[in-house]
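In: okay, sequence plus prediction incoming.
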Amino acid sequence: MKKARLILSASLIALTASTTIISCGKDEACNAGYEGKNCDVEIREQLIGTFDAVDVTTSTNETKTYTPIITKNATVTVVNIQEFGAFYSGSAELVTSNITKAGNTITFDIPSQKPDGEYAVSGKGTYDISSKKVTITYTLTEPESEGGRIINRTGNWTKK
């Protein structure tokens, strides 16, 4: 009887261990810009839309309110931002941003660029998927012909 219990216990332990090993296999990672069970959901879909934005110039506390629109870029890991900063206006002047996702947050990085050919912009921010809010910091640099002033801003955007 003791032998039968010992064999039964050993069998249960072996079965449990093999089930654990089989079920804890490494999940395959999705290609950059995608997520989901079948890796067919674009991460940026959650960020696409129109926002109510309030940005503050850090040196003067001047407030800018505007309505940026985030749209898809041809590259799946990039989005376009129209009407950025109440500074660049018109659909021809797009600010592009690289995006990544970790947990419930989409992080974006705005590499230095001159959407209008004169003023440079760069920055970074996060989008909280649950609250649908963006927190952003960015720098605008005037061209030398305008004085070359550097303008730092922080902003809070809420998705409509």
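Out: Done, it's in.
In: is it true that residue 123 lies in a helix?
Out: No: assignment of residue 123 by DSSP: H, G, I helix; E, B strand; the rest coil gives strand, placing it outside any helix.
In: just the pLDDT for it.
Out: For residue 123, the pLDDT comes out at 97.
In: burial measure for it, as a count.
Out: Counted with other C-beta atoms under 10 Å, residues neighbouring residue 123 total 22. In short, each C-beta sits where N, CA and C put it, glycine included.
In: now do it against residue 95, distance only.
Out: Distance, residue 123 to residue 95, using C-beta to C-beta, to the nearest Å: 9 Å.
In: which neighbours do the two share?
Out: Contact with both residue 123 and residue 95 is made by residues residue 110, according to C-beta atoms under 8 Å, 6 or more residues apart in numbering.
In: this protein: strands as residue ranges?
Out: For the chain, the strands defined by DSSP state E cover 34-35, 41-42, 49-57, 63-66, 69-72, 78-82, 95-102, 105-113, 120-128, 133-141, 150-159.
In: which residues outside the first one are in contact with it?
Out: Counting contacts by C-beta under 8 Å, 6+ apart, the residues outside strand 34-35 that touch it are 40-43, 76, 101.
In: got a quick PyMOL command for the buried subset of those residues?
Out: Here is the PyMOL command that picks out the buried ones among the contacts of strand 34-35, judged by 16 or more other C-beta atoms under 10 Å:
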select buried, resi 42+43+101
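In: as JSON lines, the contacts of strand 34-35 with distance to residue 118 and pLDDT would be great.
Out: Below are the contacts of strand 34-35 laid out as JSON lines (distance: C-beta to C-beta, whole Å; pLDDT from 0 to 100):
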{"residue": "40", "distance to residue 118": "40", "pLDDT": "96"}
{"residue": "41", "distance to residue 118": "38", "pLDDT": "96"}
{"residue": "42", "distance to residue 118": "32", "pLDDT": "97"}
{"residue": "43", "distance to residue 118": "32", "pLDDT": "96"}
{"residue": "76", "distance to residue 118": "30", "pLDDT": "96"}
{"residue": "101", "distance to residue 118": "33", "pLDDT": "96"}
